[in-house]
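*Asks:* Take this sequence and fold it.
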Amino acid sequence: MMTRVLQTRHGPVALLEIEHPPPRLAGQTLRRALFDAVSRADTDPAIGAIVITGTARDFGLGSDNVEFGKKPQEPHLADVINRIEDAAKPVIIAWHGSVTGPGCEIGLAAHRRVMAKGSVISLPDIAFGLVPVGGGTQRLPRLIGLTAALDMIATGRHIGAAEALAIGLIDAIAETDVKTAAIALATGLAGQMQPRPSMRSPPAPDPGAWEAMVAEIRRTAKGRPAPLRAIELVGQSLSLPFTAGLASERSAFLDLMASPQSRALRHLVQAEAALDQRPDLAGISARRLEHIGILGAGAMGSGIASACLDAGLRVSLIEPDEGVMRAALERMGAHEARLERSGRLDAARRAERRARFGAFPALEALPPVDLAIEAVPEDMAQKCEGLVRLEALLKPEAVLASSTSYLDLETMADALLDPARFLGLHFFAPAPLMRLMEVARTKHSSTQTLADALGFAARLNKIAVVCGAAEGLIGNRILAKFRAQCEFMLEEGALPHEVDAALEDFGLAMGPFAAQDLAGLDLALARRKRLISSRPLAERETTLLDRLCGEGRLGARSGRGWYAYAGGKRRIDPAVEALLRAYAAISGRVQRRFSAREIEARVLAAMVNEGAHLLAAGIAEKPADIDLVMVHGFGFPAMRGGPMQEADTRGLANLVPLMRESAARDGPGFALAPLIETLLAERKPFAALNMPDGG
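*Replies:* Prediction:
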């Protein structure tokens with residue numbers, strides 16, 4: 001389908017419908033078509049008013065990231081927006097579905113706005129480290145006031161039709177057909193000149209509300225410059241003429257677009273979009289997997305069940321242990337309650353949802369399913385037994401998967417009669433909320449099975465990163481190196497709170513030791529012991545976890561871990577420092593102080609080096625895939641774009657000395673990846689490997 005703007009007449013009203021194929025970006029072709037259509041309608045003497053809407057489910061119109069950093073082609077977005085506002089005839093926008101970015105800013109220039117019931121609207125530029133560049137920071141305050149405008153711009157949050165009406169963003173909500181409602185409004189306004197939004201004076205904000213909003217945005221900015229520039233620009237709408245405000249907005253946009261932070265955030269968006277570009281699946285259509293069977297009702301199994309129910313799928317959950325099943329149903333009920341409190345689930349939809357769910361105590365009771373997911377505890381024998389039993393019950397075309405996050409999927413595949421239909425689906429906890437999924441194909445997995453799995457992930461609205469089948473997949477392999485370096489630094493003189501503070505300043509929501517306390521040190525120790533058999537004998541290891549757990553320091557729930565806890569408060573514990581000093585004396589490690597910069601660089605170097613090993617082994621397909629996994633699955637700061645993107649930003653050569661030191665100090669598991677040597681020799685960044693031809 002070509003990009004075009006269709007015009008039909010409805011009495012004195014010209015209805016302009018944007019027909020634009022996905023991903024419906026406001027690129028040059030769309031801008032030219034809309035500019036010309038508005039100009040023709042505005043100069044046609046038979047037309048008295050104009051309605052602009054779209055033919056797709058969503059009004060959409062996102063920013064064209066391909067143009068970022070390049071000279072845009074005319075007409076610019078601002079030209080189209082100004083043409084709409086300057087029209088001599090009333091222009092009414094009919095918003096519907098999800099309205100974002102340029103789609104919102106185009107509507108801000110219209111003389112009236114109508115929104116379909118159930119629609120949402122946002123200015124999401126802040127998610128890319130940017131501010132709007134189509135006049136949004138200057139028109140929006142003139143329409144809804146400074147405080148409400150700053151809330152929308154600096155947070156990027158979606159607002160619904162009811163809120164949009166309440167704050168004055170729209171003139172009406174269409175209860176039925178939004179086009180009909182907009183045409184009716186336009187008919188009544190035909191031939192009447194309308195005041196331009198840019199000519200309005202912003203209403204003076206309530207000082208208390210404005211100051212509170214500014215303080216909240218500053219508090220949550222956390223090193224991000226874009227929200228702070230949004231405060232400045234929205235405030236200027238009250239003091240600067242409109243044209244001066246536009247110039248200030250564009251200057252801020254260009255400054256931010258050139259920043260490493262915005263490049264990193266745009267990198268993540270482009271990396272996610274690139275996931276759909278899979279030549280290996282050309283011509284293969286994913287089958288719709290409607291009925292999902294799940295073996296194991298622990299925290300992961302019940303979470304997967306809730307995620308599938310959220311997506312409208314039918315679910316059969318198998319768990320022989322009554323206590324485990326009871327706890328699973330309680331967790332799933334709590335998730336339902338959260339959906340109800342947020343307004344996303346009413347009584348009718350809850351009843352329909354529950355009709356799609358069945359809980360069974362015996363595997364033999366499993367109905368015919370399209371996909372069966374094994375989610376039993378992380379024990380190889382138990383998982384293989386469950387998979388073999390599942391396979392015997394499944395119809396021949398059904399897909400079989402394991403949810404393992406650590407164990408070797410190739411070993412599991414070898415236990416099956418038909419390994420072609422088997423792969424790994426690693427959900428991240430909590431499964432209903434975390435958008436990431438690692439889809440791990442084994443050497444036997446068929447392309448049809450992979451296509452089906454990716455289709456299933458899309459139904460669940462997951463970011464599905466395809467990887468090779470290896471212990472730990474992508475995320476847990478890199479996480480292990482990250483955590484190891486953190487503990488190694490404790491052996492060498494750093495303290496838990498110093499490491500946590502440095503990495504929180506780097507952008508992590510919570511430092512690794514505080515996070516480990518929250519999860520439970522006993523769980524971390526059990527995980528380490530499970531993996532100890534695969535560690536090279538010469539590789540450095542630490543027994544700090546063993547010592548803490550041996551003293552009953554099991555984390556926050558026991559009141560003691562890397563920190564001490566009292567009344568829900570975490571505090572530095574001198575006893576931990578004494579334990580570390582005693583351990584160092586026995587180990588003979590030289591003690592020294594670490595700067596925050598060295599701490600963050602050392603863990604980054606370890607992550608990047610392991611990422612390079614994964615790329616060379618084919619476990620990760622592209623550096624950008626590693627970045628998506630670490631940002632969306634493990635909390636690596638999005639404003640840095642992921643570890644591989646951050647390595648490119650800093651310069652790979654600046655991290656290599658730390659990698660060499662680690663290889664000499666920490667054993668073969670930390671050896672410098674040959675791929676890094678190759679990139680250095682060829683003077684290429686990791687980003688070159690994201691390109692189809694490798695750069």
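*Asks:* which residues sit in contact with the residue lying closest to Pro202 once chain neighbours are set aside?
*Replies:* Excluding its sequence neighbours, the residue lying closest to Pro202 (C-beta to C-beta, 6 or more residues apart in numbering) is Pro141, at 4.5 Å. For glycine as for every other residue, the C-beta is placed from the backbone atoms N, C-alpha and C. Counting by C-beta atoms under 8 Å, 6 or more residues apart in numbering, Pro141 touches Ala149, Leu150, Pro202, Val234, Ser237, Leu238.
*Asks:* Between the residues you listed, which sits nearest Thr411?
*Replies:* Thr411 lies nearest to Leu150 out of these, by C-beta to C-beta, at 54.8 Å.
*Asks:* Check whether that closest one really touches Val234, as I assumed.
*Replies:* Yes. The pair formed by Leu150 and Val234 meets the contact definition of C-beta atoms under 8 Å, at 4.6 Å.
*Asks:* neighbour count winner among those two?
*Replies:* When Leu150 and Val234 are compared for neighbours, Val234 comes out ahead with 33 against 26, by other C-beta atoms under 10 Å.
*Asks:* now the end-to-end length of stretch 8-25.
*Replies:* In stretch 8-25, first residue to last residue: 23 Å (C-alpha to C-alpha, to the nearest Å).
*Asks:* Just the mean pLDDT for it, thanks.
*Replies:* For stretch 8-25, mean pLDDT is 88.
*Asks:* What residues sit buried inside it?
*Replies:* Residues of stretch 8-25 classed as buried by neighbour count (16 or more other C-beta atoms under 10 Å): His10, Pro12, Val13, Ala14, Leu15, Leu16, Glu17, Ile18, Glu19, His20, Arg24, Leu25.
*Asks:* buried sites along the worst-scoring helix or strand of the chain on mean pLDDT?
*Replies:* Here the helix or strand of the chain ranked lowest by mean pLDDT, DSSP states H and E is helix 521-531, holding a mean of 79. By neighbour count on 16+ other C-beta under 10 Å, the buried set for helix 521-531 is Leu521, Asp522, Ala524, Leu525, Arg527, Arg528.
*Asks:* Report pLDDT for the residue nearest to the second one when sequence neighbours are not counted.
*Replies:* Think Asp522. Sequence neighbours aside, Leu554 is the residue nearest to Asp522 in space, at 5.0 Å (criterion: C-beta to C-beta, 6+ apart). pLDDT, Leu554: 93.
*Asks:* What of Asp693?
*Replies:* Reported pLDDT for Asp693: 58.
*Asks:* gap between the two ends of stretch 339-349?
*Replies:* End-to-end distance (C-alpha to C-alpha), stretch 339-349: 11 Å.
*Asks:* got the contact list for Ile626?
*Replies:* Ile626 neighbours (C-beta under 8 Å, 6+ apart): Ile474, Ile478, Gly611, Leu614, Leu615, Ala620, Gly642, Pro643, Met644.
*Asks:* Show me the domain layout of the chain.
*Replies:* 4-258, 289-471, 476-690 (automatic domain parsing).
*Asks:* Adding distance to Leu281, write the ones you listed out as a markdown table.
*Replies:* Below are the domains of the chain laid out as a markdown table (distance: least, C-beta to C-beta, whole Å):
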| stretch | distance to Leu281 |
| --- | --- |
| domain 4-258 | 18 |
| domain 289-471 | 5 |
| domain 476-690 | 13 |
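*Asks:* So for stretch 429-449, what gets flagged as buried?
*Replies:* For stretch 429-449, by 16+ other C-beta under 10 Å, it's 431-432, 434, 436-442, 444-446, 448-449.
*Asks:* ah, wrong one, I meant stretch 289-306
*Replies:* 289, 291-306.
*Asks:* do stretch 360-369 as well
*Replies:* So, applying 16+ other C-beta under 10 Å, buried residues of stretch 360-369: Phe360, Leu363, Leu366, Val369.
*Asks:* so what's the first one up against?
*Replies:* Neighbour list for Phe360: Ser316, Leu317, Ile318, Glu319, Leu366 [criterion: C-beta under 8 Å, 6+ apart].
*Asks:* If any of these are buried, give me the ChimeraX selection for them.
*Replies:* Buried residues among the contacts of Phe360 (16+ other C-beta under 10 Å), as a ChimeraX selection:
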select :316,317,318,319,366
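*Asks:* Format the contacts of Phe360 as JSON lines; extra columns: secondary structure, pLDDT and distance to Leu130.
*Replies:* As requested, those are exported to JSON lines (DSSP: H, G, I helix; E, B strand; the rest coil; pLDDT from 0 to 100; distance: C-beta to C-beta, whole Å):
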{"residue": "Ser316", "secondary structure": "strand", "pLDDT": "98", "distance to Leu130": "45"}
{"residue": "Leu317", "secondary structure": "strand", "pLDDT": "98", "distance to Leu130": "43"}
{"residue": "Ile318", "secondary structure": "strand", "pLDDT": "98", "distance to Leu130": "48"}
{"residue": "Glu319", "secondary structure": "coil", "pLDDT": "97", "distance to Leu130": "47"}
{"residue": "Leu366", "secondary structure": "coil", "pLDDT": "95", "distance to Leu130": "49"}
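*Asks:* wait, which of the contacts of Phe360 is closest to Leu495?
*Replies:* Checking the contacts of Phe360 one by one against Leu495 (C-beta to C-beta), the nearest turns out to be Glu319, at 42.9 Å.
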